[in-house]
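Novice: here is the input, now give the coordinates:
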Amino acid sequence: MNYQNLLKSAYKELKLIPVNNPILDSEILLSNSLNISREKLLLNLNKKTTESEIKKFNFLLEKRKKKKPIAYIFNKKEFWNINFFVNESVLIPRPDTEILVEQSLNNLRPEKSYQVLDIGTGSGCILISILKERKKCKGIGIDISKEAIKVAKINAKMQQLENRIKFVYSDVDKFLSNKYDLIVSNPPYIKKCEIIKLDGDVKNYEPYVALNGGSDGLLETRKVIKASSRLLKNRGKLILEIGHDQLQEIKKMLEYNKFFINNVSRDLAGRNRCVTSTKI
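Specialist: The predicted model follows:
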């Protein structure tokens, strides 16, 4: 069987499940099975496969048919042009979350040194991406998951940032530390009752604790805002990822906790996704 026939067969199987991108997923699974780039695969569709290659491909295909995300199958996900190690202990980094990195960099001058805190760090992708761009900054990432902290430490080591970054197992309510110039957070913001409605890729594999925002979706965000008012220096910045329908409630919370709202950024679909504010 050649590459093209294998891809067609896999596409039909994945389409029935269904998965969101059956063609792309089939190509990624096969190129990894063959240990070649996706581009090379598409340029050699008539090339024959060996029995062992087909066996490896079918093994991976079965995982995807159970809706296991591609990122978890291969334990990697690209974010901010960096390859991160991920497993089922952490959320899969998403393109929309890169807005937090972009906004953070806008508020961190390259020639200055800053202290950055990442609340609910997960894989560490946000904090690591910031520190890769701002060589004079140092950061701490905290998370209530010990397994997530292990993943973040692996990623910091992979990016050779162990001397500028520290990951701590802690709830933000119990975290006592120095004052920070910038706090960034992508807290859980999905309503508890809405999690069951999520795609199987998400609800069956990604960590529940990183999805569950409580009955109104704002439980963890409230904690982050309240803690940030204590942990930030005066004029320090808080940069938050939010649910697209949460802006008005979050504005009220920020104003109540003495934050001035600088701007609201939209995601790739044009929805409200990130709020930048200043402690006053």
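Novice: going forward, measure contacts and count neighbours with C-alpha atoms only.
Specialist: Will do.
Novice: show me where the stretch 101-250 of the chain has its helices.
Specialist: 125-133, 146-158, 200-203, 219-231, 247-256 (DSSP state H, counting those that start in this stretch).
Novice: and the helix or strand that the last one is followed by, what's buried?
Specialist: Sequence-wise, the next helix or strand downstream of helix 247-256 (DSSP states H and E) is strand 259-266. The neighbour-count criterion (16 or more other CA atoms under 10 Å) identifies F259, F260, I261, V264 as the buried residues of strand 259-266.
Novice: what's strand 259-266 packed up against?
Specialist: In terms of contacts (3 or more CA pairs under 8 Å, 6 or more residues apart in numbering; DSSP states H and E), strand 259-266 is packed against helix 247-256, strand 272-279.
Novice: figure out which of those is closest to G213.
Specialist: Between G213 and the helices and strands packed on strand 259-266, the shortest gap by CA to CA is with helix 247-256, which sits at 13.2 Å.
Novice: residues contacting the closest one, please?
Specialist: With CA atoms under 8 Å, 6 or more residues apart in numbering as the contact definition, helix 247-256 has outside contacts at R222, I225, F260, I261, N272, S277.
Novice: from the chain's centre, how far out does that helix sit?
Specialist: 24 Å (CA atoms, centre = their mean, to the nearest Å).
Novice: and if you look at stretch 44-59?
Specialist: Between the mean C-alpha point of stretch 44-59 and the mean C-alpha point of its chain there is a distance of 32 Å (CA atoms, centre = their mean).
Novice: endpoint to endpoint, that stretch covers what distance?
Specialist: Distances were taken as CA to CA, to the nearest Å; on that basis the terminal residues of stretch 44-59 are 22 Å apart.
Novice: also stretch 112-127?
Specialist: 17 Å.
Novice: enumerate the positions of that stretch that are buried.
Specialist: Residues of stretch 112-127 classed as buried under the neighbour-count rule (16+ other CA under 10 Å) are 114-127.
Novice: now swap in stretch 215-222 and tell me
Specialist: Residues of stretch 215-222 classed as buried by neighbour count (16+ other CA under 10 Å): G217, L218, L219, E220, T221, R222.
Novice: for N32, find the nearest of the helices and strands packed on strand 259-266.
Specialist: Comparing the helices and strands packed on strand 259-266 against N32 with CA to CA, the closest turns out to be strand 272-279 (33.0 Å).
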